[in-house]
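**Q** Predicted coordinates and the sequence they were generated for:
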Amino acid sequence: MFQVTENDGHLTVNTTLPEAMAREVLNGAGDNEETALKRIWLEAFSGRIPLGWEESSVALKDIGGGPRGERLGRDLVLAGITHPETSVRLVTAAKQTLTKKDLAVAMAFSEGLSLSMILRQQRERGVTVSQIDEATRLFEKVAADDAVALEDLMRGEF
């Protein structure tokens, strides 16, 4: 599920999506995990994000294009922090102040990212330690619930 350990001041995070979500990813018609995840992501955000966002260069341009303090709409933030491309997830988490729910979703999709760096960036953006703790508890609750579908997690609907 989700485990945070501290060693010499550095946070290490081990996270896996709940078993039911992993099964859902692999239930695509012969898809490999990466293709299935992209397909589910596209379905989750169909009609909710600009055309072309499946391409990381398009998403990154939109995410990085606004002034530093400008918050993207919730659908765009969620699409960014759950994007199939690691670079999009990382830039979204770095440039957007995440709500507790957004941060819980980011934790679920933190594989391949430095969660300690994301948390540090969120702290610099004004997110409190107590908000991070609440997001962690929310993530742990969602991760333990096999009834939450991957698409619902991506859209923050849990």
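**A** Nice, I can see it.
**Q** Just the strands from this protein, written as ranges.
**A** Using DSSP state E, the strands of the chain run over 2-7, 10-15.
**Q** Determine which residue lies closest to the centroid of this structure.
**A** Ala106 (3.0 Å; C-alpha atoms, centre = their mean).
**Q** what's the nearest residue to it if we skip its chain neighbours?
**A** Ile81 (4.5 Å; C-beta to C-beta, 6 or more residues apart in numbering). Just so you know, the C-beta spots here come from the backbone N, C-alpha and C atoms, and that holds for glycine as well.
**Q** Over to Pro84?
**A** Nearest to Pro84 is Lys38, by C-beta to C-beta, 6+ apart, at 4.4 Å.
**Q** so what pLDDT did the one you found get?
**A** Predicted confidence (pLDDT) at Lys38: the value is 85.
**Q** cool, Pro50 as well?
**A** For Pro50, the predicted pLDDT is 93.
**Q** okay, now Arg39: neighbour count?
**A** 15 (other C-beta atoms under 10 Å).
**Q** Tell me how far it lies from Phe45.
**A** Distance from Arg39 to Phe45, counting by C-beta to C-beta, to the nearest Å: 12 Å.
**Q** What of Ala147?
**A** From Ala147 across to Phe45, the span is 22 Å (C-beta to C-beta).
**Q** For the protein, which residues score under the pLDDT cut-off?
**A** Along the chain, the model assigns pLDDT under 70 to residues 1-32, 65-69.
**Q** quick check, distance from the longest helix that it contains to the centre of its chain.
**A** In the chain, assigned by DSSP state H, the helix with the most residues is helix 129-143. Taking C-alpha atoms, centre = their mean, to the nearest Å, one finds helix 129-143 lying 13 Å from the centre of the chain it belongs to.
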